[in-house]
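Asks: Here is the input, now give the coordinates:
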Amino acid sequence: MKLATFNVNSIRRRLSVVVDWVKRNRPDVLCLQETKVQDSEFPLEELTATGYHVTYRGMKGYNGVALLSRVPPEFVSFGLGSRQYPDEPRLIHVVVKGIPVINTYIPQGFRIDSPKFQYKLQWFQRLRRYFAKHLFPTRPAIWCGDMNVAPGPVDVHSPEKHKDHVCFHEDAQRAYQKTMAWGFQDVFRRLYPHRQQYTFWDYRQPSAVDANRGWRIDHILATPVLAQRCTKVEVDMGPRRNGHPSDHTVLWAKFSI
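Replies: Sure thing, here's the model as predicted:
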């Protein structure tokens, strides 16, 4: 199974990038985040024309997740299923060929002194409870997407400058690690313990890509039984160097199943 994740930062603006990447690479599953479009305006026809089954949930201008799969999903659900909190379009849970895939767009957090940062930390707690309710750590499962967390110093340029950033602050890292500890492993870091490679480069720094001033905040994780069958993980720089790029690029992994 080849699975990829990509924060598109508007599916309509990046539609040609997504379609081109899918045609060239033919993943079994492609998880998209930050689609920024309400369902009635989602480019379903253009994406299904690639031969993929498309699952999506969005809202106007913000958030939004989608998933393309070569075979029809056996199960589909959206959101964390809590009545206490607003059910933003940030999570798709599907089962493809018997394997649960959770595609998430974690809240960014805005500033560490803002309620939005606390919401981010709570979101991780709720997600861990979701895993405990719907998955089993001893069985195959994949969790992927834009986590908005760089887990360690090797995962961000100039880490000493970013200690108070919402995507690198120790509270965000701790919340992410606690959610992972339910039973997931970072397959990129498992294969490449010391590699410094990023998936996001800030638009506001025009030379960020060439200077490699980036962040590794997009991740693919798997339960141990599946993580040990991950044979390859790569960051594809092509979409980020495209003429109309997202600020993220594609991360993909291959599993021998």
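Asks: what helix or strand does the most centrally placed residue in the chain sit in?
Replies: Centroid-nearest residue in the chain: residue 145, 0.9 Å away (criterion: Cα atoms, centre = their mean). In the assignment (DSSP states H and E), residue 145 maps to strand 142-146.
Asks: Contacts for that strand next, please.
Replies: 3, 5, 7, 31, 33-34, 65, 99-106, 131, 184, 217-223, 226, 248, 251 (Cβ atoms under 8 Å, 6 or more residues apart in numbering). Glycine gets a C-beta too; all of them are placed from N, C-alpha and C.
Asks: change it to 7 Å
Replies: Strand 142-146 is contacted from outside by 3, 5, 7, 31, 33-34, 99, 101-106, 184, 217-222, 226, 248, using Cβ atoms under 7 Å, 6 or more residues apart in numbering.
Asks: Quick one: name whatever helix or strand follows it.
Replies: Next along the chain after strand 142-146, taking DSSP H and E as the criterion, comes helix 170-180.
Asks: Now the residue nearest to residue 247 when sequence neighbours are not counted. Its backbone dihedrals?
Replies: Of all residues not flanking residue 247 in the chain, residue 203 sits nearest, at 5.0 Å (Cβ to Cβ, 6 or more residues apart in numbering). The phi/psi pair for residue 203 (degrees, to the nearest 10) reads phi -60, psi -30.
Asks: Would you agree residue 203 is in contact with residue 246?
Replies: No. Counting by Cβ atoms under 7 Å, residue 246 is not a contact partner of residue 203; they are 9.3 Å apart.
Asks: quick revisit: I'd like to know how far the residue nearest to residue 247 sits from residue 75.
Replies: To residue 75, residue 203 is 36 Å away according to Cβ to Cβ, to the nearest Å.
Asks: quick one, what contacts residue 27?
Replies: 2-4, 252.
Asks: what's the first-to-last distance across stretch 38-47?
Replies: Distance across stretch 38-47, first residue to last, is 16 Å (Cα to Cα, to the nearest Å).
Asks: same question, stretch 47-67
Replies: Note: stretch 47-67 ends 10 Å apart using Cα to Cα.
Asks: So what's the gap between that stretch and the chain middle?
Replies: 14 Å (Cα atoms, centre = their mean, to the nearest Å).
Asks: let's have the chain start at 45 instead
Replies: Renumbered: residue one is now 45, and that last one reads stretch 91-111.
Asks: Pull out the buried positions in it.
Replies: For stretch 91-111, a neighbour-count test (16 or more other Cβ atoms under 10 Å) marks 91, 94, 96-102, 107-111 as buried.
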